[in-house]
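**Student:** what's the 3D shape of this:
(chains A and B)
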Amino acid sequence: MLNRILGIVKKELLLEIRQKHTFYGILLYIASTIFVIYLSLSETPETTIWNTFFWIIQLFVCVNAIAKSFLQESKGRMLYYYTIASPIEFITAKLIFNVIIMWVMSMISLLLFFVFLGNPTTNSILFLVIVFIGGSGISLVFTLMSAIAAKAQQNAALVAIMGFPIILPQLMLLMKLSKVAFAEVFKNGAVIQLVGLSLLMNVLVVVLAMILFPFLWKE
Amino acid sequence: MNKSWWKILSFLLLIYTIIAGFLCNVPRLPILNETIRNLYFHVCMWFGMMILFGVSFYYSIKYLRTFQFKYDIYAHCFASVGSFMGILGYLTGFLWVNVTWITDQSQSIGSVLKEPKLIGAAIALLIYGAYFVLRDSFTDMDKRARTSAVYNIFAFAMLFPSIWIIPRIVGSLHPGAPGSDSGNPALDRKDLDASMRMVFYPAVIGWTLLGVWISTLKIRLSLLKDKIDSNE
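**Tutor:** Numbers count the residues shown, from 1 in each chain, chains lettered A, B, ... in the order given. This next block holds a predicted model:
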């Protein structure tokens, strides 16, 4: 089982490396959005605005990078997966791959944010950890949304419509949590609570994906 | 579904709610004054909405277990009546906000509306809006039923922890927020005067039953429409 999961992840990674245009497309998307923000702000933004911009960019990057994960699969290829892997293996591989992609994208956008919009964080390492937790949460939700939208015809817009309300509480949680890295003082134990809550949400999404994906898979 | 005692019960409870709700004695509180009677309508709408969404969730699970088409119609109708009650909850809440939270005329509504509970309710309505859009984007009945059931289950399971957890962490103007006297943001026995409880609990049951009643009518209509379509 583990072999098959790793096999699919490896195949996805290889595909990403061979078809460089999609990866560069997203990269360009990140760079140009951040550049637009940089140009439209006359000075380096204050921490709250920086934080808000960062998470909203993360959200849009994720919608663009992850949405294609199921949309690009042709019917014939899905049929091929059907013969070689079980639905749980397939969705696990997709989730792992999308989390990896999202981590890479998050690091790039964080780097660009530091370059263009300054670094308001007092504890960059801590912020990076939060970005990793948040990035994985967003990409997990949107992977499943993409799987659902792939069943419908007009899918790309549908991913955003379905995903945004679901991700909103998590996003609010993350924005609140990232204030730790901006030297904001929290109540005792509140940070642990928030981190635990977002990790718990991620676990919930993974479990739900495992339970629900088999129903989408059969046709 | 044909048993009618609960329909009569709903009718009687609502008659009681309206008469007792407007005429009975209520505690005189500053700011709230007589608007406290809105509790019998506003809060009940949210109870009804959550219960109907829960029923819709239940039927979505049931659909995925049995693949009987009628359960998909059940889930859809309960969700749509639930959303309708949510909108009514917003409207009644809006009236209440106008006389209680807005203290002076210059204060904008936007500054008041950034409330954890309002956000939670907005998320719920957006999710079910997306659910209806998703349903409409299919032409194939079986695919539509299966996919929307999956989304319904996922969305419900993601939504309700956040609706239940977030109001307990963030401050709010609603009664029962952290920092205020009572502990439970949803319902606290200490918050409610005994005379009001006598009306409030029957009101919750009455409105919820009315919601279920409307849903069953909608379900029967959809099933009949479906029958006609398949005969043609």
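
**Student:** What are the buried residues along the helix or strand residue B:80 falls within?
**Tutor:** Taking DSSP states H and E as the definition, residue B:80 sits inside helix B:69-100. Of the residues in helix B:69-100, B:71-86, B:88-90, B:92-93, B:96-97, B:100 count as buried by neighbour count, 16 or more other CB atoms under 10 Å in any protein chain shown. Where C-beta positions appear, they are placed from N, C-alpha and C, glycine not excepted.

**Student:** Distance from the chain centre to the longest helix anywhere in chain B, please.
**Tutor:** Counting by DSSP state H, the longest helix found in chain B is helix B:194-231. Relative to its parent chain, helix B:194-231 has a centroid offset of 12 Å by CA atoms, centre = their mean, to the nearest Å.

**Student:** what packs against it?
**Tutor:** Judged by 3 or more CB pairs under 8 Å, 6 or more residues apart in numbering or on different chains; DSSP states H and E, the packing partners of helix B:194-231 are helix B:5-23, helix B:39-66, helix B:69-100.

**Student:** Which one of those lies nearest to chain A?
**Tutor:** Proximity to chain A (CB to the nearest CB) singles out helix B:39-66 among those, at 5.5 Å.

**Student:** and the closest one, which residues are buried?
**Tutor:** By 16+ other CB under 10 Å, the buried positions in helix B:39-66 come out as B:39-53, B:55-60, B:62-64.

**Student:** repeat for stretch A:107-124
**Tutor:** By neighbour count on 16+ other CB under 10 Å, the buried set for stretch A:107-124 is A:108, A:109, A:110, A:112, A:113, A:117, A:120, A:121.

**Student:** For residue B:229, state which of these is nearest.
**Tutor:** Set against residue B:229, the nearest of those by CB to CB is residue A:109 (49.5 Å).

**Student:** now the closest one, nearest residue through space, not along the chain?
**Tutor:** Computed as CB to CB, 6 or more residues apart in numbering or on different chains, the closest residue to residue A:109 that is not its neighbour in sequence is residue A:30, at 4.9 Å.

**Student:** Enumerate the residues of chain A near chain B.
**Tutor:** For chain A, the residues in contact with chain B (CB under 8 Å from any CB of the partner chain) are A:141, A:144, A:148, A:151-154, A:158, A:161-162, A:164-166, A:168-170, A:172-173, A:193, A:197, A:201, A:204-205, A:208, A:212, A:215-216, A:219.

**Student:** Just put the helices and strands packed on helix B:194-231 in TSV and tack on mean pLDDT and distance to residue B:201.
**Tutor:** Formatted as TSV, the helices and strands packed on helix B:194-231 follow (pLDDT from 0 to 100; distance: least, CB to CB, whole Å):
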stretch	mean pLDDT	distance to residue B:201
helix B:5-23	87	10
helix B:39-66	91	10
helix B:69-100	89	18
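
**Student:** And those helices: which comes nearest residue B:198?
**Tutor:** Nearest to residue B:198 among the helices and strands packed on helix B:194-231 is helix B:5-23 (7.6 Å), distances taken as CB to CB.

**Student:** what angle sits between the helix holding residue B:80 and helix B:194-231?
**Tutor:** Going by axes from the mean of the first three to the mean of the last three CA atoms, to 10 degrees, helix B:69-100 is angled at 140 degrees with respect to helix B:194-231.

**Student:** Could you name the helices and strands sitting against helix B:69-100?
**Tutor:** Partner elements for helix B:69-100 (3+ CB pairs under 8 Å, 6+ apart): helix B:39-66, helix B:116-136, helix B:141-169, helix B:194-231.

**Student:** Pull the distance from it to the chain's centre.
**Tutor:** Distance of helix B:69-100 from the chain centroid (CA atoms, centre = their mean) equals 5 Å.

**Student:** top helix in chain A by residue count?
**Tutor:** Across chain A, the longest stretch assigned as helix under DSSP H is helix A:87-117.

**Student:** re the thing from before, filter the buried residues of helix B:39-66 down to the ones near chain A?
**Tutor:** Checking these against chain A (CB under 8 Å from any CB), the matches are residue B:64.

**Student:** contacting residues for residue A:148?
**Tutor:** By CB atoms under 8 Å, 6 or more residues apart in numbering or on different chains, the residues touching residue A:148 are A:158, A:162, A:216, B:134, B:147, B:150, B:151, B:154.

**Student:** again, only using 10 Å
**Tutor:** When contacts are counted by CB atoms under 10 Å, 6 or more residues apart in numbering or on different chains, residue A:148 touches A:70, A:155, A:158-159, A:162-163, A:212-213, A:216, B:134, B:147-148, B:150-151, B:154.

**Student:** Which residue would you name as the spatial centre of chain B?
**Tutor:** Among the residues of chain B, the one closest to the centroid is residue B:49, at 1.6 Å (CA atoms, centre = their mean).

**Student:** which ones are touching it?
**Tutor:** Counting by CB under 10 Å, 6+ apart, residue B:49 touches B:81-89, B:121, B:124-125, B:128, B:207-208, B:211.

**Student:** swap the cut-off to 6 Å and go again
**Tutor:** Each residue near residue B:49 by CB atoms under 6 Å, 6 or more residues apart in numbering or on different chains is listed here: B:82, B:85, B:86.

**Student:** Closest one to residue B:223 out of these, please.
**Tutor:** Taking CB to CB as the measure, residue B:223 lies nearest residue B:82 of these, at 18.9 Å.

**Student:** The closest one and residue B:51 touch, don't they?
**Tutor:** No. If you go by CB atoms under 6 Å, residue B:82 and residue B:51 don't touch, sitting 8.0 Å apart.

**Student:** mind checking which helix or strand of chain A has the lowest mean pLDDT?
**Tutor:** Across the helices and strands of chain A, mean confidence by mean pLDDT, DSSP states H and E is lowest for helix A:75-84: a mean of 81.

**Student:** quick one: that one to helix A:87-117, angle?
**Tutor:** Going by the same axes, to 10 degrees, helix A:75-84 makes 120 degrees with helix A:87-117.

**Student:** can I get the CA coordinates of helix A:75-84 in PDB?
**Tutor:** Extracted in PDB, the C-alpha atoms of helix A:75-84 (Å, rounded to 0.1, in the frame of the first residue of the first chain):
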ATOM      1  CA  LYS A  75     -11.100  10.000 -18.000                       C
ATOM      2  CA  GLY A  76      -8.800   7.400 -19.500                       C
ATOM      3  CA  ARG A  77      -6.100   8.100 -16.900                       C
ATOM      4  CA  MET A  78      -8.600   7.900 -14.000                       C
ATOM      5  CA  LEU A  79      -9.600   4.500 -15.400                       C
ATOM      6  CA  TYR A  80      -6.000   3.400 -15.300                       C
ATOM      7  CA  TYR A  81      -5.600   4.600 -11.700                       C
ATOM      8  CA  TYR A  82      -8.700   2.600 -10.900                       C
ATOM      9  CA  THR A  83      -7.000  -0.600 -12.000                       C
ATOM     10  CA  ILE A  84      -3.800  -0.100 -10.100                       C
END
